[in-house]
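[1] I'd like to go over a predicted model; first the sequence, then the structure.
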Amino acid sequence: METKEHLVADLRPYLVAPRVQPPLDPRFRPATIARRAMAAALAGLREGVPVAVAVEQPGGTVSTRETLVFPDGHPEAAASHAFCERLVKFLLWSRGGNRVWIDGPDGRLVRALRSHFEETPTGRFDAHMMGEELFIAPFEVVAAPRSDFPVSRASTSSLGRHLDGCRIGFDLGASDRKVAAVVDGEVVFSEEIVWDPSHQPDPQWHFDQVMDALRSAAAHMPRVDAIGGSAAGVYVDNEVRAASLFRAVPRPLFETRVRGLFRELQQAWNGIPLVVVNDGEVTALAGSMLSGAGGLLGIAMGSSEAAGYVTPDGQLTSWLDELAFVPIDYAPDAPVDEWSGDRGCGAQYFSQQAVARLLPAAGIEADPALPLPERLAMLQRLMAAGDERARRVYETIGTYLGYALMEYRDFYEYEHLLLLGRVMTGGGGDLILERAREVLRVEDPALADATTFHTASERDKRHGQAVAAASLPALG
């Protein structure tokens, strides 16, 4: 696995064309179909070697998986290594952790993985993010027998669902910020303001913007008892660990001002309860609160892909759920994620980035300098006018989604799916949903029957997210 190109080349024999083709992307090779092809090959040869993988967070959360690989010396052994790297990638960005445990054949798999994380650009990105950035601890790949692995342990919390008192809920997205005043669970004021935080290098600008939003909401209540918020990125104990919102802030200023930004805001509000979490988690929480269902995966298709998960018993987890970085397409020429440099990751398939990428393939001309939200708005206008080219864009995204849901189901115990975000707005969103269901009916009828799809009204989209965010802190 010296390079990403070599890794993808190893997978070529298993890159099977899907039975439902995305109209604008005939080279799409779903991860879930490739993994099934590898499993079928191993089962047919009856020579699969068991491999155990665990990803561990410093706090003790451990997630494990078991798979089969070809034995060392087999002509397809390199393909096994490539599949294991993709598996580890999924675990790292869905679960999160700085230590990877491997029980594999003769140590060659471990050496291959270490080489990937130490020597390739995409591997170094993942190792740096999981180690120094997110968990502030060294990243390592550990070889050990399965019996010496740490015990699997999930960490859940009962954050949210607190509706008493006067609360502020906010959401910080890549293209707009929202805030609401919530009194005993009822939204009495809300506003949405367009902004462009990723190009702002001054931490004080970010502080002032959030403070202005909070003051706007506070002006519509007799008092403020608690503040809850969601934001794109990774947040641990109200600390900013990584977020594209602050991409332009120089590293020294990030460390001194941005990392503790929300604690600084809490102090400015006299230390009242304040909780901020990833926006995907609040999406899932909002869906669970609106539907009354647990076992729910929430996906928001906005400037990127945000995701969150509520367990069957209604709890949030300590998992990252950063599905924007999870590979769902193994095609050698799959689109490249602008941040990680990896190919085939969710952000390029379920977001305004996906729309911008697919417009030229559909024959729709758009100025490359046009901001992503405006390109999406153009597509929505064409869709409303009955333009067949716009339909193909949405059908392609829907096809992607169907195959991604099959991949996600192998890692998440969900029966309910909530779809939100600007890409899902209007008739195009209905077409995405219809196409995803078609993929499941064709490829995995049992999953199609077991999955309940949820969408939200415009009012629920605005107010449900605000109420869920505001409900995060407990009073007292």
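    Thanks, I have the structure now.
[2] so which helix or strand takes in the residue nearest to M383 when sequence neighbours are not counted?
    Among residues not flanking M383 along the chain, A390 sits closest, at 4.0 Å (C-beta to C-beta, 6 or more residues apart in numbering). Heads up, the C-betas are built off the backbone N, CA and C, glycines and all. Using DSSP states H and E, A390 sits within helix 388-409.
[3] Run the chain-centre distance for that helix.
    Counting by C-alpha atoms, centre = their mean, to the nearest Å, helix 388-409 is centred 16 Å from the centre of its parent chain.
[4] Check stretch 268-275 too.
    Taking C-alpha atoms, centre = their mean, one finds the center of stretch 268-275 at 28 Å from the center of the full chain.
[5] Kindly format the C-alpha coordinates of it as PDB.
    Only the C-alpha atoms of stretch 268-275 are listed here, as PDB (Å, rounded to 0.1, in the frame of the first residue of the first chain):
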ATOM      1  CA  ALA A 268     -19.800  35.700  29.000                       C
ATOM      2  CA  TRP A 269     -23.300  34.400  29.900                       C
ATOM      3  CA  ASN A 270     -22.500  34.100  33.600                       C
ATOM      4  CA  GLY A 271     -21.700  30.400  33.500                       C
ATOM      5  CA  ILE A 272     -25.200  29.100  32.700                       C
ATOM      6  CA  PRO A 273     -25.400  25.600  31.300                       C
ATOM      7  CA  LEU A 274     -24.100  25.500  27.700                       C
ATOM      8  CA  VAL A 275     -23.600  22.500  25.500                       C
END
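[6] Buried residues in that stretch, which are they?
    269, 273-275 (16 or more other C-beta atoms under 10 Å).
[7] just stretch 180-187 next, same as before
    180-183, 187.
[8] so can I have CSV of those residues showing pLDDT and secondary structure?
    Formatted as CSV, the buried residues of stretch 180-187 follow (pLDDT from 0 to 100; DSSP: H, G, I helix; E, B strand; the rest coil):
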residue, pLDDT, secondary structure
A180, 94, strand
A181, 96, strand
V182, 95, strand
V183, 96, strand
V187, 93, strand
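[9] hang on, the earlier thing: can you name every helix or strand that the next helix or strand after the helix holding A390 contacts?
    Per DSSP H and E, helix 388-409 leads on to strand 416-420 as the next helix or strand towards the C-terminus. Using 3 or more C-beta pairs under 8 Å, 6 or more residues apart in numbering; DSSP states H and E, the elements in contact with strand 416-420 are helix 279-291, strand 296-301, helix 427-443, strand 452-454.
[10] what's the angle between strand 416-420 and strand 296-301?
    Between strand 416-420 and strand 296-301, the angle comes out at 20 degrees (axes from the mean of the first three to the mean of the last three C-alpha atoms, to 10 degrees).
[11] contact partners of strand 416-420?
    The contact list for strand 416-420 (C-beta atoms under 8 Å, 6 or more residues apart in numbering) reads 283-284, 286-287, 291, 293-301, 405, 429, 432-433, 451-456, 461, 465.
[12] Quick one, which of those are buried?
    Buried among the contacts of strand 416-420 by 16+ other C-beta under 10 Å: 283-284, 286-287, 291, 293-301, 405, 429, 432-433, 451, 454-456, 461, 465.
[13] where does the chain dip in pLDDT?
    1-9, 458-463 (pLDDT under 70).
[14] At which residues are the strands of the stretch 1-150 of the chain located?
    Secondary structure of the stretch 1-150 of the chain, counting by DSSP state E, counting those that start in this stretch: strands at 49-56, 62-69, 99-103, 140-143.
[15] Show the subsequent helix or strand relative to the shortest one.
    Looking back up the chat, that one is strand 140-143. According to DSSP H and E, the helix or strand after strand 140-143 is strand 156-157.
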